[in-house]
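1. I would like the atomic coordinates for the input below:
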Amino acid sequence: MATTNVQTFTTGEVAKHNTKDDCWVIIDGKVYDVTDFIEMHPAGAQIILDLGGQDVTDQFLAFHRMSVFDKYAPQLFKGLVRGATSTFESKEKRSTQLSRVPYAEPSYWQGFKSPYYNESHTNFRLAVRRFIAKEIDDAEIDTYVKSGDAPEKDLFLKMGRAGILAANLGPGKHLLEYKGPLPSGIKAKDFDYFHEMILHDEFYRIGAPG
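-> Next comes the predicted model:
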């Protein structure tokens, strides 16, 4: 999102926009006009109206995945808060960090012990998540879902070269015959059903069928 030659506002100016017909919020030092989004909000309009004109960064991070921000922010962007600095990481860098949304991450990745997962599963999840963050654009996914069209061939080729398609078939003799790489560099003989489950889990996070 370009931030050059854009309008700037004080927090006091933003605070004046707190009604159903004119509602702005601040997220990460940026101002967003959410007036047209109020009625579309899955949790209802009132929760936005209660926070209209305020800095809602903490509330937003507590209940939303960053993919929601990446999807809607460019459309709703109004300007910058004067003197504020951004603290959000890039999409790709965020891919290595735990989500702050309650129950959004598996417990073993939050430091809890598990008899089913080991370091190879953590590395595999990170590799898949990095691939998705780098190669799959949220706006393009939204276009595919609305149109019903399949993603571009180039994306499938990238998935093939990264070993995503091979891993999607799960463990077995067929995978032992596969000569290409697998995500995180894991060997085919060490690939188990938990790795396959992690792969599906990460792609479910995209929020699109197929």
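2. could you use CA atoms for every contact and neighbour count after this?
-> OK.
3. nearest residue to the middle of the chain?
-> S67 (3.2 Å; C-alpha atoms, centre = their mean).
4. pretty sure K16 sits against G53.
-> Yes - between K16 and G53 there is a contact at 6.2 Å, judged by C-alpha atoms under 8 Å.
5. S114 contacts Y108, doesn't it?
-> Yes - S114 lies in contact with Y108 (C-alpha under 8 Å); the separation is 5.9 Å.
6. neighbour count for those two, which is higher?
-> Shown here are S114 and Y108; by other C-alpha atoms under 10 Å, Y108 has more neighbours (15 against 10).
7. tell me the contacts of that one?
-> Listed by C-alpha atoms under 8 Å, 6 or more residues apart in numbering, the contact partners of Y108 are S114, Y117.
8. what's the separation between it and N118?
-> Y108 is 9 Å from N118, where distance means C-alpha to C-alpha, to the nearest Å.
9. contacting residues around G170?
-> Counting by C-alpha under 8 Å, 6+ apart, G170 has contacts F191, D192, Y193, E196.
10. what about it, which helix or strand?
-> Under the criterion DSSP states H and E, no helix or strand holds G170.
11. got it, and D149?
-> Going by DSSP H and E, D149 is not part of any helix or strand.
12. now the particular helix or strand that has F69 in it: buried residues?
-> Here F69 sits within helix 66-76, counting by DSSP H and E. Judged by neighbour count using 16 or more other C-alpha atoms under 10 Å, the buried positions of helix 66-76 are M66, S67, D70, A73, L76.
13. and of these, the nearest to L157?
-> S67 (23.7 Å; C-alpha to C-alpha).
14. ok, the nearest residue to the closest one once chain neighbours are set aside to Q75 distance?
-> What sits nearest to S67 in space, not counting adjacent residues and going by C-alpha to C-alpha, 6 or more residues apart in numbering, is D138, at 7.3 Å. From D138 over to Q75 the distance is 13 Å, taken as C-alpha to C-alpha.
15. may I have stretch 195-203 as PDB, with CA atoms only?
-> The C-alpha coordinates for stretch 195-203 follow below in PDB (Å, rounded to 0.1, in the frame of the first residue of the first chain):
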ATOM      1  CA  HIS A 195       3.100 -33.600   7.800                       C
ATOM      2  CA  GLU A 196       0.400 -34.200   5.300                       C
ATOM      3  CA  MET A 197      -2.200 -32.900   7.800                       C
ATOM      4  CA  ILE A 198      -0.100 -29.800   8.400                       C
ATOM      5  CA  LEU A 199       0.000 -29.100   4.700                       C
ATOM      6  CA  HIS A 200      -3.800 -29.300   4.400                       C
ATOM      7  CA  ASP A 201      -4.100 -27.200   7.600                       C
ATOM      8  CA  GLU A 202      -2.000 -24.400   6.200                       C
ATOM      9  CA  PHE A 203      -3.900 -24.300   2.900                       C
END
